[in-house]
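In: Here's a sequence, model it:
(one chain, ligands or ions: 1)
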Amino acid sequence: MTRTNDDARDARDPGGVPRSDDQETFRALLRAQRVWDTALPAFDPASAPADPLPLFHRWFAEAVAAGQPEPHTMTLATADETGRPDVRTLMLHDADARGWHFASHATSRKGRQLAVRPEAALGFYWAARGRAVRVRGPVRAASAEASGADLRARSTGALAAALVGRQSEVLDSAADLARASEAAWERARREPDAEAASWTAYVLAPAEVEFFQGDERRRHVRLRYRRADTDTSAGARTDTGADTDTSAADGWVRELLWP
Ligand SMILES: Cc1cc2nc3c(=O)[nH]c(=O)nc-3n(C[C@H](O)[C@H](O)[C@H](O)COP(=O)(O)O)c2cc1C
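Out: Model (predicted):
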């Protein structure tokens with residue numbers, strides 16, 4: 001049977017993407033998913049502390065208590081030398097007065113990006129509480145000693161993974177990884193103080209921290225802390241309302257944002 005132009009058009013959806021059963025199944029599954037359709041906690045920004053850190057600690061503990069799987073994982077966004085964005089998942093190692101801590105290989109893609117553009121953003125999403133936190137700011141690499149101490153405080157598996165190195169390089173075969181991993185595990189067990197040269201601890205010093213509390217009626221609460229001396233994106237000032245605290249207690253300005 002000869003296909004007409006109309007048949008060819010029918011085989012594409014309005015966006016010009018070819019129709020297929022797999023595509024339809026995926027879309028149906030996607031549309032069946034729900035967000036914020038459960039009872040979520042209320043968040044009163046008026047009761048928020050002057051500094052974002054204690055609120056982050058509290059929300060983290062509440063995410064753990066609510067059974068949020070792996071609440072210590074986060075998204076790290078960086079940009080390359082041309083400004084093209086990049087993103088991946090990482091573990092949070094600590095959050096203290098210096099900032100949000102993580103670790104990776106300085107020779108990895110993110111490590112190279114951070115070396116040329118020492119700025120990043122972090123994102124946490126704790127669905128069990130309908131909450132998200134985002135943090136932006138400059139990133140500093142710790143000394144080799146501090147990076148080594150960070151690694152030694154972790155598991156043998158973490159040390160073995162760090163010893164394998166070569167993160168983000170092209171892997172020619174699974175056998176190459178198996179061999180390198182075997183040797184790294186053996187060394188990590190034998191030498192718990194072994195140094196992984198490229199393993200680097202980083203700290204992101206927060207210039208902005210935003211707390212997002214999802215709401216079933218989509219009346220989400222967004223509270224942004226920004227350093228009093230931080231220049232935020234255009235339009236930020238027009239978002240301020242009566243509840244905004246511009247007194248800059250502890251050097252932080254607190255503002256509500258339209259959801
Ligand atoms: C749950 C989870 C936790 C991870 N934690 C780390 C981490 O702490 N450090 C790290 O270098 N990579 C970690 N990774 C791997 C990164 O997502 C990423 O694949 C790797 O760091 C290479 O990223 P890059 O090519 O952008 O440098 C983790 C991956 C997942 C899924």
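In: Flag every residue of the protein that's near the ligand.
Out: 73, 86, 88-91, 102-104, 108-110, 167-168 (CB under 6 Å from any ligand atom). C-beta coordinates here come from the backbone N, C-alpha and C atoms, glycine included.
In: Adding neighbour count, distance to residue 25 and pLDDT, write those residues out as TSV.
Out: Listed next are the residues of the chain next to the ligand as TSV, based on neighbours: other CB atoms under 10 Å; distance: CB to CB, whole Å; pLDDT from 0 to 100:
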residue	neighbour count	distance to residue 25	pLDDT
73	12	28	98
86	13	30	98
88	14	28	98
89	10	26	98
90	16	32	98
91	15	34	97
102	22	37	97
103	22	40	97
104	23	37	97
108	18	36	97
109	16	33	98
110	24	34	98
167	17	35	95
168	14	33	95
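In: tell me which of the residues you listed is nearest to residue 13?
Out: Checking the residues of the chain next to the ligand against residue 13 with CB to CB, the nearest one is residue 86 at 30.1 Å.
In: Wasn't the closest one part of a strand?
Out: Yes: inclusion of residue 86 in a strand is indicated when DSSP: H, G, I helix; E, B strand; the rest coil is applied.
In: show me what contacts it?
Out: Residues near residue 86 by CB atoms under 8 Å, 6 or more residues apart in numbering: 77-80, 109-110, 113.
In: Pull out the buried members of these.
Out: 77-79, 109-110, 113 (16 or more other CB atoms under 10 Å).
In: what's the pLDDT at residue 158?
Out: Here, the pLDDT recorded for residue 158 equals 94.
In: for residue 243, that is, sorry about that
Out: 55.
In: for residue 194, same thing?
Out: The model reports residue 194 with a pLDDT of 94.
In: now residue 39
Out: Residue 39 carries a pLDDT value of 87.
In: Figure out the helix or strand that it lives in.
Out: Under DSSP states H and E, no helix or strand contains residue 39.
In: list the contacts for it?
Out: The contact partners of residue 39, taken as CB under 8 Å, 6+ apart, are residue 216.
In: Mind jotting down where the strands sit in the protein?
Out: With DSSP state E as the definition, the chain shows strands at residue ranges 73-79, 85-91, 94-96, 99-105, 119-126, 131-141, 199-204, 208-213, 221-227, 252-256.
In: Present those strands as TSV; the columns should include distance to residue 49.
Out: Putting the strands of the chain into TSV (distance: least, CB to CB, whole Å) gives the following:
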stretch	distance to residue 49
strand 73-79	21
strand 85-91	25
strand 94-96	14
strand 99-105	17
strand 119-126	18
strand 131-141	14
strand 199-204	20
strand 208-213	11
strand 221-227	9
strand 252-256	9
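In: Deepest in the core, which of these is it.
Out: Compared across the strands of the chain, strand 199-204 shows the largest average neighbour count, a mean of 24 (mean count of other CB atoms under 10 Å).
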